[in-house]
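>>> When you get a sec, could you give me coordinates for this:
(one chain, ligands or ions: 1)
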Amino acid sequence: MVESHTTETQTDLLSQLVKVRTWSSETKSGDLGECDAIAEDSPIIPTITSTNDNCLSKECPSYEDCFVLKARRRALDSDVVVVNHHLFMADLAIKETGFGELIPEADVFIFDEAHQIPDIASQYFGQSISSRQIQDLCKDIEIGYRTEARDMRQLQKAGERLSQAAMDMRIVLGDTGFRGNWRDAIASPSIKREMERLTDALEFVIDVLKLALGRSQLLDTAFERANLVKGRIERVCDVTITGYSYWYDTSPRHFSLHITPLTVADKFHEQVEMKGGAWIFTSATLAVSDDFGHFTSRLGLVPKQQFSLPSPFDYPSQARLCVPRYLPEPNSNGLADKLVRMLTPVIEQNQGRCFFLCTSHSMMRELGEKFRETLSLPVLLQGETSKQKTLAEFMELGNALLVATGAFWEGIDVRGDTLSCVIIDKLPFTAPDDPLLKARIEDCKLQGGDPFQQVQIPDAVITLKQGVGR
Ligand code: SF4
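You can find the predicted model right below:
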């Protein structure tokens, strides 16, 4: 079911749904990254993605055709399994709860782009609950009521009350796109009151679902999910436990509450010991000034061996680093205009073949718009279609400027002359309000360290090296 506020968004979402439906009958892998018809941040994606929460597992009518299960079966039969970091960490987290196994045991674990692992591990070793999960639960209760328990009107009422409480909670959390300290937020009487209303509504849902147990698989699963949500809410509302960063974020219609461990070193180390075998971590950006300590200490690794190999590139004769002077301060008014004026001749002279990597989405959009007005060359903007398609288009055009952020800073390899100039809008320091960064800064301070030297500078060095490496 697709949420919508206007007929226009609804029509747009429906047309995207039709495209995904057509693609789903042709795809062999089920990997949405291969579906060119929708953008990588399309709002349709969460509505068509199965999660741990709502997967019906063996009761699912599509169980035999399920792409996830097919991939899992193939993985169990394989000698070599290639997965991304998120899936690997999700697997560790699932095993911690004793739920199941996605990835088979192995003798050797090799992580490329390993510099990303500490941040990704922090997400999976922490806990989160989002209003989207609550709204999805309410939708499934409504579907269960309409299709299998028409006589239980309380189901509908309980679901509606919970959905409303989640929306009210979203409103009371304020501005969209905000990340804040949850410990401070829950101390506010209005937020505390809405949280209590949400918890009451959830308890009512659990009571009603209990009465429906055994009537429908969907409602039985909803009962389990509601209990899981309750457990998570209790966990994130108990802000007295030390060693974690408590934070929340908001999008236009949703909010999420998170707890992130200040350090994952102990847990990750424990997993490495438990799984055994050889663990190899590689990346062009693991060391800062030939020191791997920044990386190994975050994961609690005690390496048997560590070394840097020289770059295969001849930087002195193949590369040039230019640092313009007299730029306005970062985030000051008029920065985008000035950058566009200053760099248009450079990009034209270079005949496109250029990445402009930004440190924020707003800067990316502003620059993209302005370059489209001034440049005679094609300008591509991240997010207008899938990442793979954007990249393919960039290569095919051969004279384009790609304005991008986040996902294009790393993990992209454009060979040959199609990309010969990388521009950045400023040094890539992580925004100081980033909760993961805040958690690490807190941890560093607790250990008597200097967060700027030991956390922020090494992080910026690694991101900068990644950006340059495109
Ligand atoms: S079993 Fe069904 S609900 Fe679960 S992931 Fe597969 S298709 Fe989706």
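
>>> For the ligand, see how far away the closest residue to Ile441 other than its chain neighbours is.
Spatial nearest neighbour of Ile441, chain neighbours left out: Pro451 (4.1 Å); criterion: CB to CB, 6 or more residues apart in numbering. To be clear about C-beta, it is placed using only N, CA and C from the backbone, and glycine gets the same treatment. As for Pro451, its distance to the ligand is 41 Å (criterion: CB to the nearest ligand atom, to the nearest Å).

>>> can you check Trp182 too?
30 Å.

>>> and that residue, how many neighbours?
Trp182 has 22 neighbours, counted by other CB atoms under 10 Å.

>>> Contacts only, for it.
236, 239, 246-248, 257-258 (CB atoms under 8 Å, 6 or more residues apart in numbering).

>>> Who wins on neighbours among these?
Busiest of the contacts of Trp182 [other CB under 10 Å] is Trp247, holding 26 neighbours.

>>> Surely that one is in a strand?
Yes: assessed with DSSP: H, G, I helix; E, B strand; the rest coil, Trp247 lies in a strand.

>>> chain center to the lengthiest helix in the chain, what's the gap?
Longest helix in the chain by number of residues, with DSSP state H as the criterion: helix 189-211. Computed by CA atoms, centre = their mean, to the nearest Å, the chain-centroid distance of helix 189-211 equals 28 Å.

>>> ok, and what's touching that helix?
So helix 189-211 is contacted by 134, 137, 141, 152, 154-155, 158-159, 161-162, 164-166, 168-169, 172-173, 185-186, 219, 222-223, 226-227, 229-230, 233, 237 (CB under 8 Å, 6+ apart).

>>> likewise stretch 385-400?
By CB under 8 Å, 6+ apart, stretch 385-400 touches 33-36, 38-40, 351-354, 377-380, 382, 384, 402, 404, 407-408, 412, 414, 418-419.

>>> repeat that for 6 Å
36, 39-40, 351-352, 377-378, 380, 402, 407, 418 (CB atoms under 6 Å, 6 or more residues apart in numbering).

>>> got it, and stretch 137-154?
1, 155-156, 159, 162-163, 208, 212, 215-216, 218-219, 222, 225.

>>> what's the weakest-modelled helix or strand in this structure?
The weakest-scoring helix or strand in the chain, judged by mean pLDDT, DSSP states H and E, is helix 85-97 (a mean of 76).

>>> Next, give phi and psi for Phe281.
phi -120, psi 120 (degrees, to the nearest 10).

>>> Got the phi and psi for the residue lying closest to it once chain neighbours are set aside?
Closest residue to Phe281 apart from its sequence neighbours, by CB to CB, 6+ apart: Ala114 at 3.7 Å. Backbone geometry at Ala114, expressed as degrees, to the nearest 10, gives phi -70, psi -20.

>>> Give me the number of neighbouring residues for Ala114.
So Ala114, with other CB under 10 Å, has 19 neighbours.

>>> Make residue 1 into 28 and carry on from there
Sounds good: first residue 28 from here, last item Ala141.

>>> Surely it touches Thr312?
No: the criterion here is CB atoms under 6 Å, and Ala141 misses it with Thr312 at 9.2 Å.

>>> follow-up on the earlier one: which of the contacts of stretch 412-427 has the largest number of neighbours?
Going by other CB under 10 Å, Leu429 tops these with 26 neighbours.

>>> and that one, helix, strand or coil?
strand.

>>> Could you report the separation of the residue nearest to it when sequence neighbours are not counted from Leu225?
Using CB to CB, 6+ apart and skipping the chain neighbours, the partner closest in space to Leu429 is Leu407 (4.6 Å). Leu407 sits 42 Å away from Leu225 when distances are taken as CB to CB, to the nearest Å.

>>> what do you get for Val495?
46 Å.

>>> For the two, indicate the residue with more neighbours.
Shown here are Val495 and Leu225; by other CB under 10 Å, Leu225 has more neighbours (23 against 16).

>>> what's the distance between that one and the ligand?
Relative to the ligand, and taking CB to the nearest ligand atom, Leu225 is found at 26 Å.

>>> swap in Gly258?
Counting by CB to the nearest ligand atom, the gap from Gly258 to the ligand is 21 Å.

>>> Pretty sure that residue sits in a strand.
No: under three-state DSSP, Gly258 sits outside any strand and is assigned helix.

>>> shouldn't Gly304 be in contact with Glu132?
No: contact status for Gly304 versus Glu132: not in contact, 8.2 Å apart, counting by CB under 6 Å.

>>> Let me see the domain layout of the chain.
28-68, 77-138, 155-288, 292-326, 342-458 (automatic domain parsing).

>>> Out of the contacts of stretch 412-427, list just those in strands.
The strands, defined by DSSP state E, take in 407, 429 from those.

>>> and of the contacts of stretch 412-427, the nearest to the ligand?
Glu67 (20.4 Å; CB to the nearest ligand atom).

>>> Can you find the residue of the stretch 228-377 of the chain that comes nearest to the ligand?
For the stretch 228-377 of the chain, CB to the nearest ligand atom, closest residue to the ligand: Thr248, 9.8 Å.

>>> SS state for that residue?
helix.

>>> Now it: closest residue in space that isn't a chain neighbour?
Leu83 (6.3 Å).

>>> Check Ala133 too.
Nearest to Ala133 is Gly304, by CB to CB, 6+ apart, at 6.2 Å.

>>> How many neighbouring residues does that neighbour have?
10.

>>> In this structure, mark out all the strands, start to finish.
Using DSSP E, strands in the chain cover 135-138, 154-157, 206-208, 271-277, 282-288, 305-308, 381-384, 406-408, 428-431, 448-451.

>>> Could you tell me the least trusted of those?
Among these, strand 206-208 has the lowest mean pLDDT, at a mean of 85.

>>> Each with direction, which strands does that strand pair with?
strand 271-277 (antiparallel) (DSSP bridges).

>>> Next, the angle from the strand it pairs with to strand 282-288.
Strand 271-277 runs at 160 degrees relative to strand 282-288, counting by axes from the mean of the first three to the mean of the last three CA atoms, to 10 degrees.

>>> Pull the distance from strand 271-277 to the chain's centre.
Using CA atoms, centre = their mean, the offset of strand 271-277 from its chain centre is 15 Å.

>>> Alpha carbons of it, as PDB, please.
Provided in PDB are the C-alpha atoms of strand 271-277 (Å, rounded to 0.1, in the frame of the first residue of the first chain):
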ATOM      1  CA  TYR A 271      25.800   4.500  24.200                       C
ATOM      2  CA  SER A 272      24.900   7.500  22.200                       C
ATOM      3  CA  TYR A 273      21.100   8.100  22.200                       C
ATOM      4  CA  TRP A 274      19.900  10.100  19.200                       C
ATOM      5  CA  TYR A 275      16.900  10.600  16.900                       C
ATOM      6  CA  ASP A 276      16.300  11.900  13.400                       C
ATOM      7  CA  THR A 277      13.400  13.100  11.400                       C
END
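
>>> That's all I had, so thanks and see you.
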